[in-house]
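*Asks:* Take this sequence and fold it.
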Amino acid sequence: MQALIDAVKAAGIKALSFQGKVEAEDKSDGSPVTLADKAAHDILMAALKDSGYPVLSEEGSHTPWSERQHWQTFWLVDPLDGTKEFLAGRPDFTINVALIKGSEPVLGLVYVPATDHLYVGEKGKGAYLDVAGQRRVISVNPDGKPPVVVASRSHPAPELADWLDKVGEHNLLNRGSSLKFCAIAEGSAQLYPRFNPTMMWDTAAAQAVLEAAGGQVLTLDGAPLGYRRENLRNGGFIATASVSLLP
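*Replies:* Numbering: from 1, shown residues only. Reported below is the predicted structural model:
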């Protein structure tokens, strides 16, 4: 675990060193990528290559389903989540590493280089936040009244307004990257609805943190968001401190 933490932090520090100094280029899907994404990817791949498990990274070659369908355990990596926030000079970008067993994220690390916050969650062991070496256990707070709803700053969805009407009284907080999940995991928010597309590597690590902290991530059909599938793109989902909060 410590080697993994060291690698995630090293990737984050390297990415942070590029902020304000690089421009983005567009990938084939239209999403931005920078030298910071690629440098962080290289550090994480070097750290994980001898783990015994295959790695699926946003910035690596994407193994076809014909091979991935046989993976029982694998790493799912987003070397820099929140590239738009990164390019805008904001602190809401993260380094995400998840371990997937079957279809479930069982270990997640989410590192925030700009603030030196590290969120770690492991199935059956709980979740914690490490700030500059000081750790504290975190858990969800389903009793926020009114509930705090976190939403994407860079990817607003037209469906959000109708959904919020169903929730009723609430406070809305805009955050970037996977920190929306982490806000629920540490108890400062209760709900995160997502209607716009995301990719598997965007959500897996923070989902592991949130679930270890007592929360859930459900598809719009009410099923757990899983990762053993051909399509790398997620459908809509709701992250929540408790299903009792869902409208």
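
*Asks:* For the rest of this, base every contact and every neighbour count on C-alpha atoms.
*Replies:* OK.

*Asks:* Contact partners for residue 112?
*Replies:* Contact analysis of residue 112 by CA atoms under 8 Å, 6 or more residues apart in numbering lists 12, 91, 92, 93, 94, 95, 118.

*Asks:* 6 Å - rerun?
*Replies:* residue 94 (CA atoms under 6 Å, 6 or more residues apart in numbering).

*Asks:* Who is it paired with across the strands?
*Replies:* On the basis of DSSP bridges, residue 112 takes part in beta bridges with residue 117.

*Asks:* Would you work out how far apart the start and end of stretch 106-125 are?
*Replies:* Start-to-end span of stretch 106-125 (CA to CA, to the nearest Å) is 10 Å.

*Asks:* buried set for it?
*Replies:* 106-114, 117-123 (16 or more other CA atoms under 10 Å).

*Asks:* Among those residues, which pair sits farthest apart?
*Replies:* Farthest-apart pair in these is 114 and 123; separation 26.8 Å (CA to CA).

*Asks:* ok, so of the buried residues of stretch 106-125, who is nearest residue 47?
*Replies:* For these, the nearest to residue 47 is residue 109 (14.0 Å; CA to CA).

*Asks:* Could you pull up the residues touching that closest one?
*Replies:* Per CA under 6 Å, 6+ apart, neighbours of residue 109: 96, 97, 119, 120, 205.

*Asks:* To which secondary structure element is it assigned?
*Replies:* strand 104-112 (DSSP states H and E).

*Asks:* Same check on residue 162?
*Replies:* Counting by DSSP H and E, residue 162 is part of helix 160-167.

*Asks:* Name the residues that touch that helix?
*Replies:* Against helix 160-167 from outside (CA under 6 Å, 6+ apart): residue 247.

*Asks:* Please work out the average pLDDT along that helix.
*Replies:* The average pLDDT within helix 160-167 is 91.

*Asks:* Check stretch 21-30 too.
*Replies:* Stretch 21-30 comes out at a mean pLDDT of 72.

*Asks:* same deal with stretch 172-187?
*Replies:* 94.

*Asks:* Can I get it in PDB, CA atoms only?
*Replies:* Output of stretch 172-187 as PDB, limited to C-alpha atoms (Å, rounded to 0.1, in the frame of the first residue of the first chain):
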ATOM      1  CA  LEU A 172     -26.000  23.000  -4.500                       C
ATOM      2  CA  LEU A 173     -22.200  22.800  -4.600                       C
ATOM      3  CA  ASN A 174     -20.200  22.700  -7.900                       C
ATOM      4  CA  ARG A 175     -17.000  20.700  -7.800                       C
ATOM      5  CA  GLY A 176     -14.600  19.300 -10.400                       C
ATOM      6  CA  SER A 177     -13.200  15.800 -11.000                       C
ATOM      7  CA  SER A 178     -13.800  12.900  -8.600                       C
ATOM      8  CA  LEU A 179     -13.900  15.200  -5.600                       C
ATOM      9  CA  LYS A 180     -17.700  15.200  -5.900                       C
ATOM     10  CA  PHE A 181     -17.600  11.500  -4.600                       C
ATOM     11  CA  CYS A 182     -15.100  12.400  -2.000                       C
ATOM     12  CA  ALA A 183     -17.300  15.200  -0.600                       C
ATOM     13  CA  ILE A 184     -20.000  12.600   0.100                       C
ATOM     14  CA  ALA A 185     -17.400  10.200   1.500                       C
ATOM     15  CA  GLU A 186     -16.100  12.700   4.100                       C
ATOM     16  CA  GLY A 187     -19.700  13.900   5.000                       C
END
